[in-house]
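Novice: Need coordinates for the following:
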Amino acid sequence: MAIVARPARTANVAPAWTGGYRMGAIACDVLCALLAGAAAVVLRFGGLADVRPYAELSAVLPALWVAVVGLNRAYEPRMIGEGSEEFRRIAWSGFTLTAAVAMAAYVTHTDIARGYVVLALPLMTALTLFGRYGLRRRLHARRSRGECMRRVVVVGHPEAVEDLARLFGRERHHGMEVVAACLPEAAEIGVPVLGDFTDVPLVVAQTGADTVAVLACPELDGTALRRLAWRLERSKTDLVVAPALMEVAGPRTTIRPIAGLPLLHVEHPELAGARQLIKNLFDRVVAGAALILLAPLLAVIALAVRTTTPGPALFRQTRVGRDGAEFTILKFRTMGADAERRRVHLVSEVDGLFKIRADPRVTRLGAWLRRCSLDELPQLVNVVKGQMSLVGPRPPLPAEVAAYRDDVRRRLVVRPGMTGLWQVSGRSDLSWEESVRLDLRYVENWSLMLDLQILWKTWSAVARGAGAY
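Specialist: Below is the predicted model of the structure:
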């Protein structure tokens, strides 16, 4: 596979837009520190004392905050736009600065009002977290328009390369744009193939790429990867490697050096024990509180369903829960009373899921309830009863479970959820394979923090209404 080589670059430190984003993050952090310091002075002293020392301290606080955040490496380009590591480092910076101020005051016998410290530093940390979240949302919006993207050369076998390119194309908020591929042999795929595994640095130079993604393949062993990293080091091109266990991530994986070799240790997912008990308690408490708070809304919706179309307000259906146990799921009825009878006359199987974009059985009120996901609210009762979780895999039908392969049955080792990775990643617009992949990823990487992130993202998914039909 011939390519047209260009001279290798010598200074491709990062895409040009990352510098502007970093300056925006610094400006945001400075503003948050100023606001927090001013608010702490006003709330703690309120003009009843000489606030000049604390006003001066508030003026110095932004520089101190930026320095601490920088030392915690929260301005690095790899933190931009993805994952929770950026927010974790911001929170750790706030904790570190608070501890450092308290220790410095104790050692130097400086009398600093504790009320000021308790107000200023936590408020500064919280404001910074919200500010960074706003910057990330703005970045994702720009990426949806094709801006602020990393140019990626993918190295691997054709099927894996196509899967990764399709994933990056669908989830553009990741900021990865596949511009070329290097394959072991010539093949026709959906992205330009500009060389083989030996041509990677030349392809990077030709395409102006700033990132190389290496997928798992036997040809690229440790020695080959090390040599590739040395060649990419000259142009400062990022190298990312996808392990064979692509769906296992986060706290379950650690690098342990044994006999001079860096070995990847993979822990088993916690499917029982104390953390699952905490999750169950959290689910039931939150669902019970939500039922109480939303009782008026639930009553209004139930009345609207009963008065607009004949039939009951609630739709009951058998679903399969944890370990294959069947239960009756509750939803507000969104179809006519004869929906099941009319089902046999419709095209009923699309990628393993019975979902029709313009289903004639859905009522006008039902379409609105589905778009806003209000028809799912009665499932809070299922959560309180312990049949479902707030977050988990999609609750399947018995007919779907009967057709499961062995690996797909892995979805049933946890309780199904009202929302999940499938909900925040496209809902009914996802194919059957994509839905299964997301459900299995959740099962393998479950954590309470991941649940909270999914619950937070569910609001925006519901507001967009994408895939809700």
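
Novice: got the buried residues for stretch 366-380?
Specialist: With burial defined by 16 or more other C-beta atoms under 10 Å, the residues of stretch 366-380 counted as buried are 366-367, 369-370, 373-380. The C-beta positions use only the backbone N, C-alpha and C, and glycine is treated the same way.

Novice: Let me have these in CSV, extended by pLDDT.
Specialist: Putting the buried residues of stretch 366-380 into CSV (pLDDT from 0 to 100) gives the following:
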residue, pLDDT
G366, 86
A367, 85
L369, 88
R370, 86
S373, 85
L374, 90
D375, 90
E376, 91
L377, 93
P378, 95
Q379, 95
L380, 95
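
Novice: Can I get the residues you listed in CSV including distance to R441 and secondary structure?
Specialist: Compiled in CSV, the buried residues of stretch 366-380 are given as follows (distance: C-beta to C-beta, whole Å; DSSP: H, G, I helix; E, B strand; the rest coil):
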residue, distance to R441, secondary structure
G366, 31, helix
A367, 30, helix
L369, 29, helix
R370, 25, helix
S373, 22, coil
L374, 27, helix
D375, 26, helix
E376, 22, helix
L377, 26, coil
P378, 27, coil
Q379, 22, helix
L380, 25, helix
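
Novice: Show me the domain layout of the protein.
Specialist: In the assignment given by automatic domain parsing, the structural domains of the chain cover 16-144, 150-242, 274-464.

Novice: between those domains, which one is nearest to P257?
Specialist: Each of those has some distance to P257 by C-beta to C-beta; the shortest is domain 150-242, at 13.8 Å.

Novice: how far does the closest one stretch from start to finish?
Specialist: The first residue of domain 150-242 is 17 Å away from its last residue (C-alpha to C-alpha, to the nearest Å).

Novice: Specify which member of the buried residues of stretch 366-380 is nearest to E56.
Specialist: When those are ranked by distance to E56 (C-beta to C-beta), S373 comes first, at 50.8 Å.

Novice: Ignoring the adjacent residues along the chain, who's closest to that closest one?
Specialist: In space, and not counting its chain neighbours, S373 is closest to V462: 4.8 Å by C-beta to C-beta, 6 or more residues apart in numbering.

Novice: how much space is there between that neighbour and C372?
Specialist: Between V462 and C372 the computed distance is 6 Å (C-beta to C-beta, to the nearest Å).

Novice: Surely A63 forms part of a helix?
Specialist: Yes: counting by DSSP: H, G, I helix; E, B strand; the rest coil, A63 is part of a helix.

Novice: What about it, how many residues nearby?
Specialist: Residues near A63, counting by other C-beta atoms under 10 Å, number 11.

Novice: now the strands: where do they sit in the stretch 1-150 of the chain?
Specialist: According to DSSP state E, counting those that start in this stretch, the stretch 1-150 of the chain carries its strands in the segments 150-155.

Novice: Where does pLDDT dip in it?
Specialist: Scanning the stretch 1-150 of the chain with the threshold set as pLDDT under 70 gives 1-14, 47-50.

Novice: Checking V240 next. Helix, strand or coil?
Specialist: In three-state terms, and counting by three-state DSSP, V240 is strand.

Novice: and it, bridged to which residues?
Specialist: With DSSP bridges applied, V240 shows beta-bridge pairing to A213.

Novice: Which residues are in contact with it?
Specialist: Contacts of V240 were listed using C-beta atoms under 8 Å, 6 or more residues apart in numbering, and they are 211-214.

Novice: How about L121?
Specialist: For L121, counting by C-beta under 8 Å, 6+ apart, the contacting residues are 36, 94, 97-98, 101.

Novice: top of the residues you listed by neighbour count?
Specialist: Of all those, the most densely surrounded is A36 (24 neighbours; neighbours counted as other C-beta under 10 Å).

Novice: residues in contact with the closest residue to it other than its chain neighbours?
Specialist: When the adjacent residues along the chain are set aside, A36 lies closest to M124, with 3.5 Å between them (C-beta to C-beta, 6+ apart). Listed by C-beta under 8 Å, 6+ apart, the contact set of M124 reads 32-33, 35-37, 61, 65, 94.

Novice: Likewise for L57?
Specialist: With contact set as C-beta under 8 Å, 6+ apart, L57 has these partners: 37, 116.

Novice: if you set the cut-off to 10 Å instead, what comes out?
Specialist: By C-beta atoms under 10 Å, 6 or more residues apart in numbering, the contact list for L57 reads 37, 40-41, 51, 64, 101, 112, 116-117, 120.

Novice: now swap in L164 and tell me
Specialist: For L164, the contacting residues are 152, 154, 156, 176, 178, 181, 191, 213, 215, 242, 246, by C-beta under 10 Å, 6+ apart.

Novice: biggest separation within those residues, which pair?
Specialist: For these, the maximum inter-member distance is 18.8 Å, found between V191 and M246 (C-beta to C-beta).
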